[in-house]
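**Q** Just to be clear, the model below is a prediction. Sequence and coordinates:
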Amino acid sequence: MLFYTFQNSQVFTDMATDVIQTYTPDWSGMSRLTTHNKEAYDYLLKKFNEINHTQAESLVFGYSGWDYWDSSCIFTRWESIGKPPEAAWFRDPDKVLAIFDIPDDTPQMRHDFYRFSDLLVTPDCKCYQENLLQANDIKGFEFPITNIPYLKKEWLVTVL
């Protein structure tokens, strides 16, 4: 399954030079991961581990499950939903888009960006927690996000 993710360019440099074989994000030092954001992320990680029967320590955010034929589809989708400012990775010059071909048995969880955004505002709201994995729109996921626990160098297809 193809998995598209924005990460710091150093991650892919380290993979290319064999500094790392497996990348697991470290969210502990993220300046934006405070208060509500941390509570929402912790809930997301807990839910991921419950669903997948894992003990992942961190999550990679990305996109999968769409019929991508061109990486610009991600940008088109982002623009079509109004360019939400919370999706800062689209504007960060240090972030680059990479495509991975992840094995089907890789633990994963899919949710809508807007459902997670609800949690970012009010992470302890039971309604938002219960609706996290529901489609945001009657037509389906408006902007689906997929989480996996890590990235492996051997899965890397290309960096755009």
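**A** Yes, it's here. Everything numeric in this text was worked out from a predicted model, so none of it was measured.
**Q** Low-confidence stretches in this protein?
**A** Residue ranges of the chain with pLDDT under 70: 28-34, 66-93.
**Q** neighbours of Val157, just the number please.
**A** Applying other CB atoms under 10 Å, we find 12 residues neighbouring Val157. No exception for glycine: its C-beta is placed from N, CA and C like everyone else's.
**Q** Next, it: secondary structure please.
**A** When classified by DSSP: H, G, I helix; E, B strand; the rest coil, Val157 comes out as strand.
**Q** Just give the closest residue to it, not the sequence neighbours.
**A** Among residues not flanking Val157 along the chain, Ile99 sits closest, at 4.4 Å (CB to CB, 6 or more residues apart in numbering).
**Q** which residues of this structure fall in strands?
**A** For the chain, applying DSSP state E gives strands covering 2-8, 22-23, 60-62, 95-101, 109-112, 144-148, 151-152, 156-159.
**Q** Which one of those strands lies nearest to Ala40?
**A** strand 109-112 (11.3 Å; CB to CB).
**Q** Which positions within that closest one qualify as buried?
**A** Neighbour counts over strand 109-112 (16 or more other CB atoms under 10 Å) mark 109, 111-112 as buried.
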